[in-house]
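Engineer: Sequence and computational prediction follow.
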Amino acid sequence: MPTKTIKKLSTLLEQGLIQAADLPALQQVVDRFDLSITDTMHALIDNNNDQDPIKRQFVPSMQELIIQEQELDDPIGDSAHEAVKGIIHRYPDRCLFMPVQVCAVYCRFCFRREQVGGAQNTLTKDEQNTAFHYIESHPEIWEVILTGGDPLILKPSILQTILQRLNAISHVEVIRIHTRIPVVDPARITKDLQNAFSIDKALYVAIHANHANEFSPAAVAAIKKLVNVGIPLISQTTLLKGINDDIHSLTDLMRTFVKNKIKPYYLHHADLAKGTSHFRTTIQEGQALVRQLRGRVSGLCQPIYVLDIPGGFGKVPIGPHYIHADDHQCCIEDYEGVMHAYE
């Protein structure tokens, strides 16, 4: 059964995670951006450390009331590519399918924080049928990415119905699920859920985690259940100031992914979501970290550093450059910064 969740500031106050003097301001925050922390994540918080990486990800902060001019309601431009409700078709060969906009936890840096949190945004039966019809009528769609919200918060029987219907669409060859559930609410990874994953098409699960401390024994066991039924696992991480923007934290996280049979995939530059400036690094800082990672950690541990261009123009790799060329010569820079001529 899923674990309990903390959804009230009063609970956080009782447990010493926030101060009474901050309550009025924090109430403004959670009135706008939802609050939910699972028991699994709560148990990992170090109450004596204000900079605890789990606490900073999930406990509301007054800094969220600071809205910068460049910050956006829809920082990656989902709305510009919404084909029908629940379908974002940004790239030719793949689309996002968002059957639900509810999560087990609400990350304080979420780029969809203006949209998630309301059960009223869960697709109705008719809206799901419209979404399926859209996918069926677009043969260029090779991959469907289930996201939201968190699709694994759905009942296994509902998820199974969705997966089986996608499995029946001949031109859809790959299905990907983006989720935080195995880490933040591992009790949801049940036998019924494992059975729901039994389809013919290639099924990948992308697990979002931002710090090695998130990998509780229960999370490791839940991830192992997915591995044991043959599901390839990849990772997603957001680069976050004060949480994982140092080489030691990033190294530990990527190695933790790999030793749990999760291939590092994306390292996202933090998006321009409203009230999240305290989480964002500069691109140059991110590039320097990725360069350090390249020089000190196995190739298996290397994620792709990407930026989602505001306005709906898609993701682009923004990692460091190693080639310096003009019309006369080409030089390659190694991970230590030494230049080498390449004919």
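Structural biologist: Thanks, I have it. Numbering: from 1, shown residues only.
Engineer: I'd like to know how many residues surround Asp150.
Structural biologist: 24 (other CB atoms under 10 Å). The way it works is simple: take the backbone N, C-alpha and C, and place the C-beta from them, glycine included.
Engineer: same deal with Gln70?
Structural biologist: Gln70: 9 neighbours (other CB under 10 Å).
Engineer: Mind pulling up the pLDDT for it?
Structural biologist: Gln70 is assigned 96 on the pLDDT scale.
Engineer: The one 3 residues further on now?
Structural biologist: In the prediction, the pLDDT value recorded for Asp73 is 93.
Engineer: quick one: it and Lys274 touch, right?
Structural biologist: Yes. Between Asp73 and Lys274 there is a contact at 6.6 Å, judged by CB atoms under 8 Å.
Engineer: Could I get the full set of helices for the stretch 151-300 of the chain?
Structural biologist: 156-167, 181-184, 191-196, 217-228, 247-259, 283-296 (DSSP state H, counting those that start in this stretch).
Engineer: Deepest-packed of those helices, please.
Structural biologist: Highest mean neighbour count among the helices of the stretch 151-300 of the chain (mean count of other CB atoms under 10 Å): helix 181-184, with a mean of 27.
Engineer: Report the mean per-residue pLDDT for that helix.
Structural biologist: 98.
Engineer: Show me what it is packed against.
Structural biologist: helix 39-42, strand 202-208, helix 217-228 (3 or more CB pairs under 8 Å, 6 or more residues apart in numbering; DSSP states H and E).
Engineer: Other residues contacting that helix?
Structural biologist: Helix 181-184 has contacts (CB atoms under 8 Å, 6 or more residues apart in numbering) with 38, 40-41, 104-105, 150, 152-153, 188-189, 205, 207-209, 214-216, 219, 222-223, 226.
Engineer: That one: how far from the chain's middle?
Structural biologist: 11 Å (CA atoms, centre = their mean, to the nearest Å).
Engineer: try stretch 191-209
Structural biologist: That offset, for stretch 191-209, works out to 17 Å (CA atoms, centre = their mean).
Engineer: coming back round to it: mind putting the helices of the stretch 151-300 of the chain into TSV with distance to Val84?
Structural biologist: Converted to TSV, those look like this (distance: least, CB to CB, whole Å):
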stretch	distance to Val84
helix 156-167	15
helix 181-184	26
helix 191-196	24
helix 217-228	30
helix 247-259	34
helix 283-296	34
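Engineer: Minimum distance to Leu13: which of these has it?
Structural biologist: For Leu13, the closest of these is helix 181-184, at 21.9 Å, according to CB to CB.
Engineer: coming back round to it: may I see the helices and strands packed on helix 181-184 organised as TSV, with mean pLDDT and distance to Leu17 added?
Structural biologist: Below are these laid out as TSV (pLDDT from 0 to 100; distance: least, CB to CB, whole Å):
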stretch	mean pLDDT	distance to Leu17
helix 39-42	97	8
strand 202-208	98	22
helix 217-228	98	21
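Engineer: got those as a markdown table, with distance to Leu65 columns?
Structural biologist: Below are these laid out as a markdown table (distance: least, CB to CB, whole Å):
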| stretch | distance to Leu65 |
| --- | --- |
| helix 39-42 | 23 |
| strand 202-208 | 25 |
| helix 217-228 | 32 |
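Engineer: that older thread, among the helices of the stretch 151-300 of the chain, which comes closest to Glu82?
Structural biologist: That would be helix 156-167 among the helices of the stretch 151-300 of the chain, by CB to CB, at 18.5 Å.
Engineer: That closest one to strand 202-208, inter-axis angle?
Structural biologist: Angle between the axes of helix 156-167 and strand 202-208 is 130 degrees (criterion: axes from the mean of the first three to the mean of the last three CA atoms, to 10 degrees).
Engineer: So which elements touch helix 156-167?
Structural biologist: Counting by 3+ CB pairs under 8 Å, 6+ apart, helix 156-167 packs on helix 125-136, strand 174-179, helix 191-196.
Engineer: next SSE after the first one?
Structural biologist: Reading on from helix 125-136 to the C-terminus, the next helix or strand found by DSSP states H and E is strand 143-146.
Engineer: packing partners for that next one?
Structural biologist: Checked by 3+ CB pairs under 8 Å, 6+ apart, strand 143-146 has strand 94-97, strand 174-179 packed alongside it.
Engineer: and that strand, C-alpha only, in CSV?
Structural biologist: Extracted C-alpha coordinates of strand 143-146, given in CSV (Å, rounded to 0.1, in the frame of the first residue of the first chain):
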residue,chain,number,x,y,z
GLU,A,143,7.3,6.7,-29.0
VAL,A,144,4.8,7.7,-26.4
ILE,A,145,6.0,9.2,-23.1
LEU,A,146,3.7,8.8,-20.1
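Engineer: Identify all contacting residues around that strand.
Structural biologist: Here strand 143-146 has contacts from 93-99, 135, 162, 166, 172-178, using CB under 8 Å, 6+ apart.
Engineer: roughly how far is stretch 59-67 from the heart of the chain?
Structural biologist: Per CA atoms, centre = their mean, the centroid offset for stretch 59-67 relative to its chain is 20 Å.
Engineer: so what strands line up beside the helix or strand of the chain with the lowest mean pLDDT?
Structural biologist: Least confident helix or strand of the chain, by mean pLDDT, DSSP states H and E, is strand 323-325 with a mean of 91. Partners of strand 323-325 in the sheet, by DSSP bridges, are strand 330-333 (antiparallel).
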